[in-house]
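Asker: Structure for this input, please:
(chains A and B)
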Amino acid sequence: GAVVSQHPSWVICKSGTSVKIECRSLDFQATTMFWYRQFPKQSLMLMATSNEGSKATYEQGVEKDKFLINHASLTLSTLTVTSAHPEDSSFYICSARDTSGRGYEQYFGPGTRLTVT
Amino acid sequence: GDSVTQMEGPVTLSEEAFLTINCTYTATGYPSLFWYVQYPGEGLQLLLKATKADDKGSNKGFEATYRKETTSFHLEKGSVQVSDSAVYFCALSGQAAGNKLTFGGGTRVLVKP
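Answerer: Residues are numbered from 1 along each chain as shown, chains lettered A, B, ... in the order given. Take a look at the predicted model:
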């Protein structure tokens, strides 16, 4: 149980285009999902907290107009990188919090590697 | 604010050696503490956790004890295998931060046969 999937697992796009990454909780409902960014050989940086049915809360320094987050259902959150540039190339990881009684543990997706050329 | 400090790597060991990765934290209140493992090209997997002082988390031969007096949560394994090669992240979830996870910088472990 407690499986989180991400799609795609990797994507290559051209500079100036937009890319959408999906994060799904497969066997539980997640009112809260988190989006992280990880640079090579570095730790995870929290980008934003996504709450079902409401606007995402972005961490300081993260451009909300560039990284659009939508959490339209209890099992799906999406991150859209708009007008991508090479500096947006990174490993994006989502996590989902199961608030059904298992506590507030976060379950992580396998990550999406974005390369912008 | 909350913070987690863990020893820098890489840590290189021979198979069957003893592994210790130090982790200390700063947080208000009574955070929950976690160790996550990340294998190459993959996301994070929860390795173990502890939610209150003196709790010991354990999984797959790894152990860590929540020490409030020293604000530490060191990870140990008595006999590592090549398959334990990965990056290990210490993290805390603090009530004051809305239960968001704060990660340490990660420690890369390489186990050689």
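
Asker: Contacts only, for the closest residue in space to A:Pro8 that isn't next to it in sequence.
Answerer: Distances taken as C-beta to C-beta, 6 or more residues apart in numbering or on different chains place A:Thr112 nearest to A:Pro8, at 6.1 Å, with adjacent residues excluded. Every residue, glycine included, has its C-beta placed from N, CA and C. If you count contacts by C-beta atoms under 8 Å, 6 or more residues apart in numbering or on different chains, A:Thr112 has them with A:Gln6, A:His7, A:Pro8, A:Ser9, A:Trp10, A:Val11, A:Ile21, A:Phe91, A:Tyr92, A:Ile93.

Asker: Now the buried members of those.
Answerer: By neighbour count, with 16 or more other C-beta atoms under 10 Å in any protein chain shown, those hold A:Gln6, A:Val11, A:Ile21, A:Phe91, A:Tyr92, A:Ile93 as buried.

Asker: Farthest pair within the residues you listed?
Answerer: A:Val11 and A:Ile93 (14.1 Å; C-beta to C-beta).

Asker: Mind checking what secondary structure A:Val11 has?
Answerer: strand (DSSP: H, G, I helix; E, B strand; the rest coil).

Asker: so A:Glu59 makes contact with A:Leu44?
Answerer: No - under the criterion of C-beta atoms under 8 Å, A:Glu59 makes no contact with A:Leu44, lying 11.6 Å away.

Asker: If you count surrounding residues, which of those two has more?
Answerer: Relative neighbour count places A:Leu44 above the other of A:Glu59 and A:Leu44, with 27 against 14, counting by other C-beta atoms under 10 Å in any protein chain shown.

Asker: Now the element after the worst-scoring helix or strand of chain A on mean pLDDT, going C-ward?
Answerer: Lowest on mean pLDDT, DSSP states H and E among the helices and strands of chain A sits strand A:106-108, with a mean of 87. Next along the chain after strand A:106-108, taking DSSP states H and E as the criterion, comes strand A:112-116.

Asker: quick one: that following strand to chain centroid distance?
Answerer: How far strand A:112-116 lies from its chain's middle: 12 Å, per C-alpha atoms, centre = their mean, to the nearest Å.

Asker: Now that strand: buried residues?
Answerer: Using 16+ other C-beta under 10 Å as the test for burial, strand A:112-116 gives A:Thr112, A:Leu114, A:Val116.

Asker: Return the set of residues that bridge with the last one.
Answerer: By that I understand A:Val116. A:Cys13 (DSSP bridges).

Asker: interface residues of chain A facing chain B?
Answerer: Contact residues (C-beta under 8 Å from any C-beta of the partner chain) of chain A with chain B: A:6, A:34, A:41-44, A:46, A:49, A:93, A:95, A:97, A:103-111, A:113.

Asker: redo that, cut-off 7 Å
Answerer: A:Ser43, A:Leu44, A:Leu46, A:Thr49, A:Ile93, A:Tyr104, A:Glu105, A:Gln106, A:Phe108, A:Gly109, A:Pro110, A:Gly111 (C-beta under 7 Å from any C-beta of the partner chain).

Asker: pull the helix or strand with minimum mean pLDDT from chain B.
Answerer: Min over SSEs of chain B, mean pLDDT, DSSP H and E: strand B:101-103 (a mean of 90).

Asker: Neighbouring strands - and their directions - for that strand?
Answerer: Going by DSSP bridges, the partners of strand B:101-103 are strand B:86-93 (antiparallel).
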